[in-house]
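**Student:** Sequence and predicted structure below; questions after.
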Amino acid sequence: MSEEGFENDESDYQTLPRARVNQRQRGLGWFLFGGWKVLCGSCCDCLAHICRRKKELKARTVWLGCPEKCEEKFPKNTIKNQKYNIVTFVPGVLYQQFKFFLNLYFLVVACSQFVPSLKIGYLYTYWAPLAFVLAVTVVREAVDEVRRFQRDKEMNSQLYSKLTVYKNEKLYTEHNQNVPLFFSSFFFAGACFIRTDQLDGETDWKLKVAVGCTQRLPADLFSISAYVYAQRPQLDIHSFEGNFTREDADPQIHESLSIENTLWASTVVVGLLDLELNRLTKALFLAQVVLSVVMVALQGFVGPWFRNLFRFVVLFSYIIPISLRVNLDMGKSAYGWMIMKDENIPGTVVRTSTIPEELGRLVYLLTDKTGTLTQNEMIFKRLHLGTVSYGTDTMDEIQSHIVQSYAQSQSSGPKVRKSVSSRIHEAVKAIALCHNVTPVYESHTSVNGETETAEADQDFSDDNRTYQASSPDEVALVRWTESVGLTLVNRDLTSLQLKTPSGQILSFYILQIFPFTSESKRMGIIVREESTGDITFYMKGADVAMASIVQYNDWLEEECGNMAREGLRTLVVAKKSLSEEQYQDFENRYNQAKLSIHDRTLKVAAVVESLEREMELLCLTGVEDQLQADVRPTLELLRNAGIKIWMLTGDKLETATCIAKSSHLVSRNQDIHVFRPVSNRGEAHLELNAFRRKHDCALVISGDSLEVCLRYYEHEFVELACQCPAVVCCRCSPTQKAQIVRLLQQHTANRTCAIGDGGNDVSMIQAADCGIGIEGKEGKQASLAADFSITQFKHIGRLLMVHGRNSYKRSAALGQFVMHRGMIISTMQAVFSSIFFFASVPLYQGFLMVGYATIYTMFPVFSLVLDQDVKPEMALLYPELYKDLTKGRSLSFKTFLIWVLISVYQGGILMYGALVLFESEFVHVVAISFTALILTELLMVALTIRTWHWLMVVAEFFSFGCYLASLAFLNEYFDLSFITTWPFLWKVSAITLVSCLPLYIIKYLKRKFSPPSYSKLSS
């Protein structure tokens, strides 16, 4: 893209050229080469549009417990991954098969045999192979559909309980069970903690507040007359607007609803190899038609030449082998079985048996973060006080300082010197107070199984305590303070209590809380200590936000950089002591700002910022988000294989950037360009200009900015992003993830793979060319909806490098060899017809043709699914070999042309040799040429194989044995007295040698003087 492309006035973008579809002349050629499919598709789309119009999304009014009052019916809350139902299964499968040119062609050829003047041979020679292919396809689709139905039934049959939850109680469910809730909570002030892992992929606990007027109802929630008005469904999952109205109250109660009142929200793959083979079969059909026209032309267009033309088309129909698709489909099933039986990737499940070779053609990998790259388990790693730093191996020193500090404060009062011990004491105390964490204790269960709710019966021991918070970072910090001696034991909306190492309880009143936001990048709390009355303002946040708030220092920036390079998530902790007068002044101004009608948010922020001045810097913390096992080497392996990795996550920008560094998604020597927030066309234009000037840097962009860029500059943004070595998209909704996948498919025409582990990843997984699900903490939705299911992210390396490579290479070799098998016999038919006055008479009839395509050659040809060019260890050691696969060189028009030339050469040699050496009767020509043909095919399989397997040897000898055994029953085609003589044997051997020996010599010379890259590594 030229420099001027972004330097022009932004209005120029309105006139940028877009992709245009050239109008083609619609004639017979257009109809044969895709026009029929366009017309059929247009008709089907028209009917589908008429039968199922897209429903307009509108605001909804839902009555509690009174569904009959609803103005419209809402869809059932069920999961459906099925492609068909009982009515549409057979028509749907047949349409999916006959939309391919190959199958439609053979259907037409088979139907033509009902016309006496066009009949070439026996009906079963055409209908039996077609019926077998369709039967195998229908059975395979039926098995896949039944599996999908069973998986959906398992998810939709889960039972849920309607329970009332009291304070300090937990709701017990089955392991890994997801529970959609709408209830009245007796937790403090109607609050509860929930997880939204199936919505945004984040497994942290989020604080949600129930509607105020529904608290402490005398009866069940559904006994009141009330309804909820909700805005129409939208893509933004981080905001919600609605109203709750109770009609049976006097006066009516109206309460506004926001996102914190919502508990739950919800929001036929064809492989590239199949498309390439479909194009090659069209080329073969064109060659077949041309060959038939040449035959009729050489006849001089005499007599009913139209009928002769069609007879030649049918006669040469074996040039397009009907067994191609069934061989490929059976091969794909074999690949899937091999993947599931691989002991190095245990637990892997192949749920779609149609696209395993796609694993060998991937260019873009789009991955989720939480649960996929990370375990979402935070561990406290580092505490830095400016002059001294403590790591995991020196935490016992901090514990001894805390014990010593509180022992001194009990004996000598609150006087504390500014020593290392006192500084550690202040830092740990600030970390233990500045958060939104709530300790939760499990309730006792009585003899009759009922939960006792009396607080006196609660077990407040350390072993019975767990922590809940909206951020796993905060839980890690509070757990760490507990490990060093200062424990959070109780909390509600107005107070919290800490326990010292000696068991003393310190009580604090919570005066104000300033929650973390993406804009402020910090959170704060003002507390009053009960024993002393001291008021302290604690704050923690990102270094970019806290650097200007804390007092001057010369170490913060440097240490933040050091920790970030280690992959740690840093937080700066500071405090400020307030007098009673200072706090009262602040509270008055703060309350007035909250009551403002205009610019409330700005006024509140201004009041809070008045406190955020010259705060005392206490410490810098480093927390590590535990990565999944072997994530770093796996990402490096994929990057060396030429796969570009995009991380799409619903998490915050800072967290996503930190994980991108720690996982080595972004290498140490690469810069990161953080795309500034943009909200309109002009801002997007300027930021794209700035981004374009960066070279070899990773991109980090938020979902909101991405949406703006795609609205105005879709093509330009995608072009620039695809040049980046890595891209991180944060705050992405599930719909945006799927949209990004489709953009890459449309603008790059490369194969994409999506991997995730949560319900929020399903749309992305299903939109990609290849979907991989991980069965983890976030449930089974992603793994059930994916094409492949794995248990750990590290398994994707072997899945792509080994199984992806083998599946693609084997399918390419199998497909081309099956076409060679059809082209060689068609060449022999053409030579035969040419010599015998261009007669449209078949060379081989009946069982010879059926046997040639089945028991005589099927097993050796199919044994190619066991071949491998590189050992698994070598493929993993040199991932650069994977780059060659994405270029599609194993199956291209070049390789196809080579096989065509081989087929023409061998077919000509076999037919001319048999005619030159035949005896006095024509039946000898059939015997010599057909036997030489079978031997040639078996030897060509041996020539194609790169790594022998014992089953390949068995297949070769078994097929040859079947042919020898069948000679005794083929009296109609062979002269048994002739085929047992020496002249027959040496003539067959001579013809076979001439047809195969030159190819063996060429292969030897090529491997010696111009070996492929993988053979160099193997040697």
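**Tutor:** Okay, I see it. Residues are numbered from 1 along each chain as shown.

**Student:** Same question for stretch 857-875: list its buried residues.
**Tutor:** 857-870, 872, 874-875 (16 or more other CB atoms under 10 Å). Heads up, the C-betas are built off the backbone N, CA and C, glycines and all.

**Student:** so how far does it reach from one end to the other?
**Tutor:** 31 Å (CA to CA, to the nearest Å).

**Student:** same check, this time on stretch 758-773
**Tutor:** End-to-end distance (CA to CA), stretch 758-773: 8 Å.

**Student:** Just name the shakiest helix or strand of the protein by mean pLDDT.
**Tutor:** Least confident element among the helices and strands of the chain, by mean pLDDT, DSSP states H and E: helix 4-7 (a mean of 38).

**Student:** picking that back up, which members of the buried residues of stretch 857-875 occur in helices, if any?
**Tutor:** 858-862, 872, 874-875 (DSSP state H).

**Student:** For the stretch 851-1000 of the chain, give me the ranges with low pLDDT.
**Tutor:** 919-921 (pLDDT under 70).

**Student:** 90 instead, please
**Tutor:** For the stretch 851-1000 of the chain, residues meeting the criterion pLDDT under 90 lie at 851-858, 869-870, 883-894, 896, 912-928, 944, 946-947, 965-985, 987.

**Student:** can you map out the helices along it?
**Tutor:** In the stretch 851-1000 of the chain, the helices defined using DSSP state H, counting those that start in this stretch lie at 858-862, 872-877, 881-886, 893-917, 922-944, 950-966, 976-979, 982-1009.

**Student:** Quick check: which of those is nearest to residue 740?
**Tutor:** Among the helices of the stretch 851-1000 of the chain, the nearest to residue 740 by CB to CB is helix 881-886 (19.7 Å).

**Student:** which residues touch residue 377?
**Tutor:** Shown in contact with residue 377 (CB atoms under 8 Å, 6 or more residues apart in numbering): 472, 625-626.

**Student:** Out of those residues, grab the one that's most surrounded.
**Tutor:** With neighbours taken as other CB atoms under 10 Å, the top of the contacts of residue 377 is residue 625, carrying 25 neighbours.

**Student:** if we look at the sheet, which residues does that one bridge to?
**Tutor:** On the basis of DSSP bridges, residue 625 is bridged to residue 378.

**Student:** mind listing what it touches?
**Tutor:** Contacts here follow CB under 8 Å, 6+ apart; on that basis residue 625 touches 374-378, 472, 569, 655, 658-659, 662.

**Student:** Buried among the residues you listed? Make that a PyMOL selection.
**Tutor:** Per 16+ other CB under 10 Å, the buried members of those correspond to this PyMOL selection:
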select buried, resi 374+375+376+378+472+569+655+658+659+662
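
**Student:** which other residues reach stretch 987-1006?
**Tutor:** Counting by CB under 8 Å, 6+ apart, 902, 905-906, 909-910, 913-914, 917, 928-929, 931-932, 935-936, 939-940, 943 sit against stretch 987-1006.

**Student:** Equivalent analysis for stretch 958-972, please.
**Tutor:** 846-848, 851, 855-860, 931, 934-935, 938, 974, 976, 979.

**Student:** In ChimeraX, how would I select the buried members of those?
**Tutor:** A single ChimeraX command selects the buried members of the contacts of stretch 958-972 (16+ other CB under 10 Å):
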select :847,848,851,856,857,858,859,860,931,934,935,938,974,979
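
**Student:** ok, back up a step: which of the contacts of residue 625 fall in strands?
**Tutor:** 374-378, 569 (DSSP state E).

**Student:** can you tell me how far residue 842 sits from residue 854?
**Tutor:** Between residue 842 and residue 854 the computed distance is 18 Å (CB to CB, to the nearest Å).

**Student:** now residue 82
**Tutor:** Residue 82 is 34 Å from residue 854, by CB to CB.

**Student:** and what of residue 291?
**Tutor:** Relative to residue 854, residue 291 is positioned 25 Å away (CB to CB).

**Student:** Pretty sure residue 225 is one of the things residue 248 touches, is it not?
**Tutor:** Yes - with contacts counted by CB atoms under 8 Å, residue 248 reaches residue 225, the gap being 4.2 Å.

**Student:** and the protein, what are its domains?
**Tutor:** Using the TED database, the domains assigned to the chain come out as 191-257, 273-344+798-1016, 364-375+628-797, 378-402+421-440+464-624.

**Student:** just the buried members of the contacts of stretch 987-1006?
**Tutor:** 902, 905-906, 909-910, 913-914, 917, 928-929, 931-932, 935-936, 939-940.

**Student:** my read is residue 363 is in a strand, agree?
**Tutor:** Yes - Residue 363 forms part of a strand when assessed by DSSP: H, G, I helix; E, B strand; the rest coil.

**Student:** can you name the two of the buried ones among the contacts of stretch 987-1006 that are farthest apart?
**Tutor:** 902 and 917 (22.0 Å).

**Student:** So for stretch 330-338, what gets flagged as buried?
**Tutor:** Neighbour-count burial for stretch 330-338 [16+ other CB under 10 Å]: 330-336, 338.

**Student:** Looking at the helices of the stretch 851-1000 of the chain, which is nearest to residue 727?
**Tutor:** Using CB to CB, the helices of the stretch 851-1000 of the chain put helix 881-886 closest to residue 727, at 18.4 Å.
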